[in-house]
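Visitor: Structure, please.
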Amino acid sequence: MKPVYSCTIMLLVVVFNGSTVSGIEIIKSFSQDDYCNKKSEYSPLQPKLPCFCPKEWYDGQFLKSLCPTIKTQKKEIQLIKGENVTFECRVSKQLGPDPHYKIRMWWCNGTAGEKCYTSEQAPDRGTPTYFVYSESGNEAKEWFIRFTITKASKMDENTYTCVANTEDFDYTEIPGYNSIHVSVHDAVKPNLINQPPPKINKVGGRLVELYCASSGYPETNIQWVKNGTPLTNGLNSTNIMQYGSQSVLQIKSITESEEGTYQCIASNKLDFIESQGTQVTVGKQQQKWSWFICLYIAIMSFSGVVTAIVFVVVCSSRREKEQFDSASVAVDGRRACQSYSPIPQVLLINNV
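Guide: Below is the predicted model:
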């Protein structure tokens with residue numbers, strides 16, 4: 001056990017003086033890992049799941065802490081009515097100077113409130129708030145605790161918190177804890193609510209994006225395949241972004257090697273569903289001078305009219321510089337500029 005008298009004195013000094021005694025100071029600070037800041041999507045009354053990995057400054061150093069880890073891929077657990085599931089929580093400890101003490105662990109649910117994880121719990125210590133308790137031997141380096149939900153129902157919907165602490169001298173006695181939230185609903189098969197079009201043609205080097213969205217319970221997972229082969233994120237120029245039950249496949253700079261049939265597949269515990277095939281092809285880069293070709297063809301088609309307009313400008317400019325009795329110019333074998341007059345006469349004739 002840590003010396004209780006020294007802890008009491010130090011705490012009083014910190015509160016009133018903010019200083020140290022005999023070079024020893026105690027500062028209790030709070031440190032949360034990234035997963036602690038995850039917001040709960042299914043627990044509106046508790047927007048953040050309880051999670052805490054404590055730090056305590058004692059005798060010139062930070063004391064070690066027990067930070068429980070729940071064996072699951074997600075912090076939000078979606079159960080189907082009638083389903084059975086077991087949750088396991090583990091913690092490890094480095095054995096320091098003797099003596100060593102037990103690792104205490106317990107599970108409690110949201111109805112216990114903060115009492116679950118703000119105070120030490122044991123069968124011989126006050127009124128327990130846990131529903132499962134376990135403790136290790138004094139020399140244990142690791143310990144775990146489990147609980148099982150059998151035939152899940154709406155009554156099992158809750159936030160479950162795993163708590164751990166020890167009294168080893170080089171560890172803080174402040175409990176560390178981690179949480180999950182469990183929701184229970186009827187099963188719903190996957191359904192596609194948005195999928196890519198049947199055909200996409202893009203010029204080489206351009207960005208291509210395919211969108212896919214699905215619904216279902218438990219939450220669906222979306223996977224992309226090309227010609228029946230699963231795609232890996234980051235392979236070549238592909239990038240897959242997941243947003244819950246929505247997914248975006250990006251081809252950053254498409255080439256002929258990315259041509260093929262793409263599909264998204266949405267799945268959950270019940271079933272899966274595939275999108276229609278999307279045929280992605282790479283088109284030729286349109287040449288910049290193609291516009292000039294089109295313009296040239298149009299000019300040639302109406303050459304008579306265009307040539308006559310040109311001669312209006314020519315005749316007008318010559319009128320200011322010189323006089324002449326008569327002039328004629330052949331346009332497509334027809335006369336387009338006749339004898340001179342102050343205002344030139346232009347005969348617009350086109351082959352029809």
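Visitor: And the helices in the stretch 101-250 of the chain?
Guide: With helices called from DSSP state H, counting those that start in this stretch, the stretch 101-250 of the chain shows them at 115-118.
Visitor: In contact with the nearest residue to residue 279 once chain neighbours are set aside, which residues?
Guide: Distances taken as Cβ to Cβ, 6 or more residues apart in numbering place residue 199 nearest to residue 279, at 5.0 Å, with adjacent residues excluded. (Glycine included, C-beta is placed from N, CA and C.) Residues in contact with residue 199 (Cβ atoms under 8 Å, 6 or more residues apart in numbering) are 278, 279, 281.
Visitor: Against residue 211, how distant is the second one?
Guide: Look at residue 279 and residue 211: by Cβ to Cβ, to the nearest Å, they are 16 Å apart.
Visitor: what does residue 77 give?
Guide: Relative to residue 211, and taking Cβ to Cβ, residue 77 is found at 28 Å.
Visitor: The two - which one has more neighbours?
Guide: Legend: neighbour count by other Cβ atoms under 10 Å for residue 77 and residue 211, higher for residue 77 (20 against 13).
Visitor: my guess is the more buried one meets residue 184, correct?
Guide: No - here residue 77 lies out of contact with residue 184, judged by Cβ atoms under 8 Å, at a distance of 9.3 Å.
Visitor: tell me which element the closest residue to residue 152 other than its chain neighbours is part of?
Guide: Setting aside the residues directly before and after it, residue 152 is nearest to residue 79 in space (Cβ to Cβ, 6+ apart), at 4.3 Å. Per DSSP states H and E: residue 79 is located in strand 76-80.
Visitor: what sits up against that strand?
Guide: 40-42, 85, 87, 149, 152, 156, 180-187, 217-219, 269.
Visitor: Now restrict these to buried residues only.
Guide: 40, 87, 149, 152, 156, 180-184, 187, 217-218 (16 or more other Cβ atoms under 10 Å).
Visitor: In these, find the pair that's most separated.
Guide: Farthest pair in the buried ones among the contacts of strand 76-80 (Cβ to Cβ) is 40 and 187. Separation: 21.7 Å.
Visitor: Please name the residues that touch the residue nearest to residue 137 when sequence neighbours are not counted.
Guide: In space, and not counting its chain neighbours, residue 137 is closest to residue 102: 6.9 Å by Cβ to Cβ, 6+ apart. Listed by Cβ under 8 Å, 6+ apart, the contact set of residue 102 reads 135, 136, 137, 138, 140, 166, 167.
Visitor: In strands, which of those residues fall?
Guide: Judged by DSSP state E, strands contain the following of the contacts of residue 102: 135, 166.
Visitor: For the contacts of residue 102, pick the one with the most neighbours.
Guide: Counting neighbours by other Cβ under 10 Å, residue 166 comes out on top of the contacts of residue 102 with 28 neighbours.
Visitor: Isn't that residue up against residue 96?
Guide: No - counting by Cβ under 8 Å, residue 166 does not reach residue 96; the two are 10.7 Å apart.
Visitor: Tell me who's in contact with the closest residue to residue 242 other than its chain neighbours.
Guide: Closest residue to residue 242 apart from its sequence neighbours, by Cβ to Cβ, 6+ apart: residue 222 at 6.8 Å. By Cβ under 8 Å, 6+ apart, residue 222 lies in contact with 212, 214, 242, 245, 246, 247, 264, 265, 266.
Visitor: Can you give me the distance of residue 222 to residue 210?
Guide: Distance from residue 222 to residue 210, by Cβ to Cβ: 11 Å.
Visitor: and for the two, which residues touch both?
Guide: In contact with both residue 222 and residue 210: residue 264, using Cβ under 8 Å, 6+ apart.
Visitor: State the distance from residue 210 to residue 91.
Guide: Distance from residue 210 to residue 91, counting by Cβ to Cβ: 43 Å.
Visitor: Could you do residue 56 as well?
Guide: Taking Cβ to Cβ, one finds residue 56 at 17 Å from residue 91.
Visitor: Between these two, which has more neighbouring residues?
Guide: Neighbours per residue (other Cβ under 10 Å) separate residue 56 from residue 91, with residue 91 holding more: 25 against 17.
Visitor: Surely that one touches residue 65?
Guide: No - using Cβ under 8 Å, residue 91 is not in contact with residue 65, being 9.9 Å away.
Visitor: which residues are common contacts for the two?
Guide: residue 176.
Visitor: list the contacts for residue 198?
Guide: By Cβ under 8 Å, 6+ apart, the contact set of residue 198 is 276, 277, 278, 279.
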